[in-house]
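# sequence? don't have it. structure:
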Ligand code: PLP
C-alpha cells in the first residue's frame with residue numbers, strides 16, 4: 001500500500017509494540033525476509049506518517065531521494081567527524097556547504113567563512129541544539145567580561161544574576177535552553193501580532209538592570225511555531241547592541257524562505273544577529289536531522305568550549321579557519337557526516353528547484369486559505385505567512401476543538417491546534433516533499449465534511 005492510501009495517524013494504543021516483539025533478542029540470526037515482513041506487521045501500524053501528503057501538523061520535515069542517498073553514503077563511511085583529521089572531507093565539505101547556504105539565503109557576508117573574518121557556520125542536529133549552544137556561548141562570554149569588570153563579585157554571584165530574553169511565542173526549545181544553561185529565560189509577552197518589539201524588550205531590560213541583573217542574550221524568532229510571526233529584529237537588534245546582549249535568531253522553519261528574495265523583507269534586521277539558525281530538515285528537502293547555524297564571531301564559541309586532551313591533538317589543529325575542529329562548536333564530541341546529504345541535495349535540486357519548492361508550498365497555502373475564506377462558517381485567525389494557515393470555526397472555541405477532535409479521530413488528516421488572541425485555532429501547514437492541489441482539495445473536503453457533520457448533529 002502506498003503512503004497516500006495509508007491513514008496519516010496510527011490506530012494503536014500506548015504499549016502496542018510490547019505485544020508484538022519478544023522480550024529478548026534472538027539467539028540465532030534471523031532471516032532478512034522475515035525482518036522486512038515485520039516492518040509491515042510490527043512497525044507500520046505504529047507509524048505517524050510525516051511524509052504523507054495528509055500530514056499538516058507542526059512544521060514540515062520532508063525527506064527526499066537525494067537526501068536519503070546522502071544519509072546512506074554517510075552511514076556507509078561511518079565517519080565520526082569531530083576534528084579535521086577525523087576526515088578532512090567531512091570538515092571541509094561542511095565549511096563549504098555553510099558558505100553555499102549562507103550565500104543562497106543572502107546572509108550578511110560577516111557570517112561567512114569566505115569573508116575572511118571571524119564568521120562561520122556549523123551543522124547542528126536540531127534547532128534546539130543551536131539555540132542551546134548560542135545561550136551557552138553568550139553566557140560564557142558574558143561571565144568572563146563581568147568577572148573582569150566586577151572583580152569584587154565572585155563567579156557564582158555573577159552567574160546568579162544572569163538573565164535571558166525571548167518572547168512567550170518562542171519555541172519550547174528556548175525555555176528549555178534556559179533551564180539547561182541555568183540562565184533564567186524571561187518570556188516576554190508578545191504584542192497583539194505575536195511579535196516581540198523593541199519597546200517590550202527595552203522595558204524588560206530596564207526592569208532587570210534596576211534589579212541588578214546581568215542580561216546575557218535575547219533569542220528572537222523568525223517564524224514562530226504557533227502562528228509564524230516574526231519578531232521585530234530591526235528594533236530589537238540596536239537595543240541588544242547598546243546593552244551588550246548577544247542576539248540569536250531562531251528561524252527554524254522560516255529561514256529557508258530567505259532563499260527567495262521576495263521573502264527577505266520579512267527578516268529585516270538579520271545583520272544585527274550574533275548567531276542565526278534554520279533547519280534544512282524543515283523546508284529544504286534535507287531529511288531530519290540537519291540544522292544550519294552561523295556565528296558572526298566563531299571564535300566566541302571556540303573560546304567558550306575548547307577542552308583539550310592528548311588523544312584529540314593533531315598536527316594541523318588551528319592551522320586554518322577553513323579546516324576547523326568542529327568539536328568545539330557542538331555539544332557532542334562525535335559528529336555525523338551531515339554535509340554530504342546537504343551537498344547532494346543542493347546539487348541535485350539546484351537553487352532554482354529549491355526556490356520553486358518554497359514558492360510552490362506558499363502558493364498551496366494560499367489556495368487552502370482561499371477555500372477556508374469561501375466558507376462563511378470559518379474565519380482566518382491571523383495573517384497567513386508562508387506555508388501556515390491558522391483558521392477556526394466562528395463562535396465558541398469548543399466548536400473548533402470538537403471539529404479538530406473529529407478530524408483527528410478519523411486519521412485521514414493530521415493537524416494540530418494553537419491559540420491566538422485567546423482563541424483556539426487549527427494550524428494547517430503545507431508539508432511533504434511534493435504536495436499538490438489535489439492534496440489541498442482532499443484536506444479542505446475533509447475539514448468541510450466534518451464541519452457539516454458537526455453542525456448537523458448540533459441542529
Ligand atoms: N524553533 C522553532 C520556531 C520551531 O518551530 C521548532 C520546531 O518546530 C524548533 C525551534 C525546534 O526545532 P528542532 O526540533 O530542530 O529542535
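That came in fine, so what should we check first? This is a predicted model, so every value here is computed, not measured. Numbers count the residues shown, from 1 in each chain.
# report the contact partners of residue 317.
83, 84, 85, 325 (Cβ atoms under 8 Å, 6 or more residues apart in numbering). Heads up, the C-betas are built off the backbone N, CA and C, glycines and all.
# thought the second one was touching residue 324?
When you say that, I think you mean residue 84. Yes. Residue 84 lies in contact with residue 324 (Cβ atoms under 8 Å); the separation is 7.1 Å.
# what's the helix ranked longest in the chain packed up against?
What stands out as the longest helix in the chain, according to DSSP state H, is helix 339-373. Secondary-structure packing of helix 339-373 (3 or more Cβ pairs under 8 Å, 6 or more residues apart in numbering; DSSP states H and E): helix 65-77, helix 88-105, helix 280-283, strand 378-380, strand 388-393, strand 423-429, helix 437-458.
# tell me the strands beside the shortest one, with direction?
Each strand that pairs with strand 378-380, with its direction, by DSSP bridges: strand 388-393 (antiparallel).
# what's the overlap in contacts for residue 84 and residue 324?
With Cβ under 8 Å, 6+ apart as the test, residue 84 and residue 324 both reach residue 91.
# quick one: mean pLDDT over the longest helix of the chain.
Across helix 339-373, the average pLDDT comes to 97.
# looking at the helices and strands packed on helix 339-373, which is nearest to the ligand?
helix 280-283 (6.9 Å; Cβ to the nearest ligand atom).
# can you tell me what sits against that closest one?
So helix 280-283 is contacted by 59-62, 101, 126, 252-257, 286-292, 342, 345, 357-358, 361, 387 (Cβ under 8 Å, 6+ apart).
# circling back to that earlier point, could you give the angle of the longest helix of the chain to strand 423-429?
In terms of direction (axes from the mean of the first three to the mean of the last three Cα atoms, to 10 degrees), helix 339-373 departs from strand 423-429 by 130 degrees.
# can you say which of the helices and strands packed on helix 339-373 is nearest to residue 367?
Nearest to residue 367, of all the helices and strands packed on helix 339-373, is helix 437-458, at 5.2 Å by Cβ to Cβ.
# any idea how far residue 447 is from the residue nearest the centre of the chain?
With distances taken as Cα atoms, centre = their mean, residue 252 lies nearest the centre of the chain, 3.0 Å away. According to Cβ to Cβ, to the nearest Å, residue 252 stands 26 Å off from residue 447.
# ranges for the helices of the stretch 101-250 of the chain?
Along the stretch 101-250 of the chain, the segments classed as helices by DSSP state H, counting those that start in this stretch run 127-149, 155-159, 172-181, 198-210, 233-242.
# how many neighbours does the closest residue to residue 285 other than its chain neighbours have?
Of all residues not flanking residue 285 in the chain, residue 64 sits nearest, at 4.3 Å (Cβ to Cβ, 6 or more residues apart in numbering). Residue 64 sits with 21 neighbouring residues when counted by other Cβ atoms under 10 Å.
# ditto for residue 155
11.
# show me the contacts for it.
143, 147.
# is it true that residue 150 touches residue 158?
Yes. Between residue 150 and residue 158 a contact is recorded at 6.9 Å, counting by Cβ under 8 Å.
# of these two, which one has the most company?
Neighbour comparison, residue 150 and residue 158: the larger count goes to residue 158, with 18 against 13 (by other Cβ under 10 Å).
# could you measure from that one over to residue 457?
61 Å.
# and if you look at residue 40?
37 Å.
# also residue 53?
Distance from residue 53 to residue 457, counting by Cβ to Cβ: 29 Å.
# likewise for residue 246?
54 Å.
# these two: which is more packed in?
residue 246 (24 against 9).
# which residues touch that one?
Counting by Cβ under 8 Å, 6+ apart, residue 246 has contacts 134, 137, 138, 141, 142, 216, 217, 218, 240, 274, 275.
# over to residue 217?
By Cβ under 8 Å, 6+ apart, residue 217 lies in contact with 134, 135, 138, 139, 142, 164, 165, 183, 245, 246, 247, 248.
# any chance of those in TSV, plus distance to the ligand and pLDDT?
Below are the contacts of residue 217 laid out as TSV (distance: Cβ to the nearest ligand atom, whole Å; pLDDT from 0 to 100):
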residue	distance to the ligand	pLDDT
134	12	98
135	13	98
138	17	98
139	19	98
142	23	98
164	15	98
165	16	98
183	18	98
245	20	98
246	17	98
247	16	98
248	11	98
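# redo those residues as TSV? Include distance to residue 441.
Output for these, formatted as TSV (distance: Cβ to Cβ, whole Å):
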residue	distance to residue 441
134	42
135	44
138	47
139	50
142	53
164	45
165	43
183	48
245	48
246	46
247	43
248	40
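# farthest-separated two in the residues you listed?
Taking Cβ to Cβ, no two of these sit farther apart than 183 and 247, at 15.0 Å.
# who has more neighbours, these two?
residue 247 (26 against 22).
# what's the closest non-adjacent residue to the more buried one?
residue 240 (4.2 Å).
# okay, now the one you found: neighbour count?
Counted with other Cβ under 10 Å, residue 240 comes out at 24.
# pLDDT score assigned to it?
At residue 240, pLDDT is 98.
# would you agree it is in contact with residue 216?
No. Counting by Cβ under 8 Å, residue 240 stays clear of residue 216, with 10.5 Å between them.
# wait, residue 394 sits on residue 381?
No. Contact criterion Cβ under 8 Å: residue 394 and residue 381 do not qualify, at 10.4 Å.
# which residue does the stretch 251-400 of the chain bring closest to the ligand?
Taking Cβ to the nearest ligand atom, the ligand has its nearest neighbour within the stretch 251-400 of the chain at residue 252, 3.5 Å off.
# residue 134 versus the closest residue to that residue other than its chain neighbours, what's the distance?
Leaving aside its sequence neighbours, residue 252 sits nearest to residue 127 (Cβ to Cβ, 6+ apart; 4.0 Å). Counting by Cβ to Cβ, the separation of residue 127 from residue 134 is 10 Å.
# that concludes my questions; thank you for your assistance.
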